[in-house]
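> I'll drop the sequence and a predicted model, then ask my questions.
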Amino acid sequence: MKSSIHSLIAAAALVAAAACSTEEPMTENRGTAIAFRAAVGRGTRAAETTVANLDRFAVTAIAADGSVYFSDTYARAEQSWIPSAQHYWPTDNSELKFYAYAPAATALTGTFSITGTEQKVAGFEPAAELKDQQDFVVAYGSGRKSAQGAAGVQLTFRHALAQIEVRAKNAGRVYTYKVAGVRIGSVVSEADFALPATKEAQGVWTLGTDKADYVVEYAASPLTLGTDAQSLMTAESGTAMLLPQQLTAWDTADDKANAGKGAFLAVKLNIVAQVDGNQMYPKTAGEYGWACIPVDTKWEAGYKYVYTLDFTNGAGKYPPEHPDVPGEDILTDPIRFTVDVEPWKNDEGEHNLQM
């Protein structure tokens, strides 16, 4: 299902803050003020941007001479959005370019710079806590009074991040698995972003080198795995909104301590033998330990990746920080998992991985 936001700059006029040339001033045409319509596809996470929760978005207009014509935030007013001040088209019928995004820059990390020569975000980082991460959507549009003055300029917002969810199941009758947390390990956590410069573009990420782990823990209310896969992300945390990137898997054969910071998924669990109730992992009764599996998926902007970990025949590997046996199998067989790609747009795909 296509899940972009279609916003219409639906007025016959755009822009206060008139830009000037050295010859004569560019004047405003005080016609109809800007209005917006929006439609958003079905959402899959509380923090995902939808019509219902799109309360405001930012728009910067660039004039034909490269100057900033206006920059404003549009806030929801019932079924439309209004700026802090009305804006109108220039009278010389010159083209305006529009760069829009949500949420506002103050709600995101990174430094926003939108001018006639660059439209970028430097040093963007997803929030460290999943519960604080937000969907980041961007759009580009252009128009002039003669062509878009009556019909409006269409902005199609697109998701700039990748959405990640981890699920797990256990159909076996040998062990009982209780889960108290999930971890997305060693993924790039900082990047620069160039906003889209065409209506169809997604924007371009330039990844940095910093990597981070994103962790959710809930020891007070652990989950017991069953035959049906269940999400390991809590309602409070939601799924992860992370930078699009090609993951390089943790090399458990030649880099057991993961000095190269390869990517992996980890589940904080407690394994008990069903036949006698003895705890198999970790050693101390009642405690929980991390079980890991390397991953090398390519995350693309605008897609949701659902990892389903199957503990029926195995429990993964000891974590890279384990003092004695990092990267070794916890039980006899490894975890098997699948990756389902749930698109936020029309393209569809599926990855099935056997470990």
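Everything's here; your move.
> Show me the helices in this protein, by range?
145-148 (DSSP state H).
> Output the lowest mean pLDDT helix or strand found in it.
Least confident helix or strand, the chain: strand 349-353 with a mean of 34, by mean pLDDT, DSSP states H and E.
> check contacts around Gln134.
Counting by CB atoms under 8 Å, 6 or more residues apart in numbering, Gln134 touches Ala47, Pro103, Ala107, Leu108, Ala127, Met241. Any C-beta I mention is one placed from the backbone N, CA and C, and that applies to glycine too.
> same thing with Gly289?
Per CB under 8 Å, 6+ apart, neighbours of Gly289: Lys268, Leu269, Asn270, Tyr281, Pro282, Pro319.
> what bridges to the fourth one?
This means Tyr281. Ile271 (DSSP bridges).
> Wait, it touches Asn270, no?
Yes. Contact criterion CB atoms under 8 Å: Tyr281 and Asn270 qualify, at 7.4 Å.
> Alpha carbons of stretch 90-109, as PDB, please.
Extracted as PDB, the C-alpha positions of stretch 90-109 are listed here (Å, rounded to 0.1, in the frame of the first residue of the first chain):
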ATOM      1  CA  PRO A  90       5.300  36.600  -6.400                       C
ATOM      2  CA  THR A  91       3.800  38.900  -9.100                       C
ATOM      3  CA  ASP A  92       6.500  38.200 -11.700                       C
ATOM      4  CA  ASN A  93       5.300  34.600 -12.100                       C
ATOM      5  CA  SER A  94       8.700  33.200 -11.200                       C
ATOM      6  CA  GLU A  95       9.000  29.600 -10.000                       C
ATOM      7  CA  LEU A  96       9.200  28.700  -6.300                       C
ATOM      8  CA  LYS A  97      10.800  25.500  -5.000                       C
ATOM      9  CA  PHE A  98       9.400  24.000  -1.800                       C
ATOM     10  CA  TYR A  99      11.200  21.800   0.700                       C
ATOM     11  CA  ALA A 100       9.100  20.300   3.400                       C
ATOM     12  CA  TYR A 101       9.500  18.000   6.300                       C
ATOM     13  CA  ALA A 102       8.000  16.700   9.600                       C
ATOM     14  CA  PRO A 103       8.400  16.800  12.500                       C
ATOM     15  CA  ALA A 104       9.900  20.200  13.100                       C
ATOM     16  CA  ALA A 105      13.700  20.600  13.200                       C
ATOM     17  CA  THR A 106      13.500  21.200  17.000                       C
ATOM     18  CA  ALA A 107      12.100  17.700  17.500                       C
ATOM     19  CA  LEU A 108      15.000  16.100  15.600                       C
ATOM     20  CA  THR A 109      18.700  15.900  16.000                       C
END
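> and Val138, how many neighbours does it have?
Val138 has 26 neighbouring residues, counting by other CB atoms under 10 Å.
> wait, Gln230
14.
> isn't it right up against Glu165?
No. Applying CB under 8 Å as the test, Gln230 and Glu165 come out as separate, 10.9 Å apart.
> Skipping its backbone neighbours, what lies nearest Trp299 in space?
Ala162 (3.8 Å; CB to CB, 6 or more residues apart in numbering).
> One more: Ala240?
Ile164 (4.2 Å).
> The one you found reaches Leu243, doesn't it?
No. Using CB under 8 Å, Ile164 makes no contact with Leu243, being 10.5 Å away.
> what residues do those two have in common as contacts?
With CB under 8 Å, 6+ apart as the test, Ile164 and Leu243 both reach Trp299.
> remind me which residues of the chain are low pLDDT?
Residues of the chain that meet the criterion pLDDT under 70 lie in 1-54, 79-80, 333-336, 344-355.
> repeat that with 90
By pLDDT under 90, the weakly predicted segments of the chain are 1-57, 73-91, 103-108, 143-158, 199-200, 219, 313-314, 331-355.
> what does the domain assignment say about it?
5-159, 162-353 (automatic domain parsing).
> Backbone torsions only: list them for Gly116.
phi -70, psi -20 (degrees, to the nearest 10).
> An error on my part: the question was meant for Ala197.
phi -110, psi 0.
> quick one: contacts for Arg167?
Ala229, Gln230, Ser231, Leu232, Val306, Tyr307, Thr308, Leu309.
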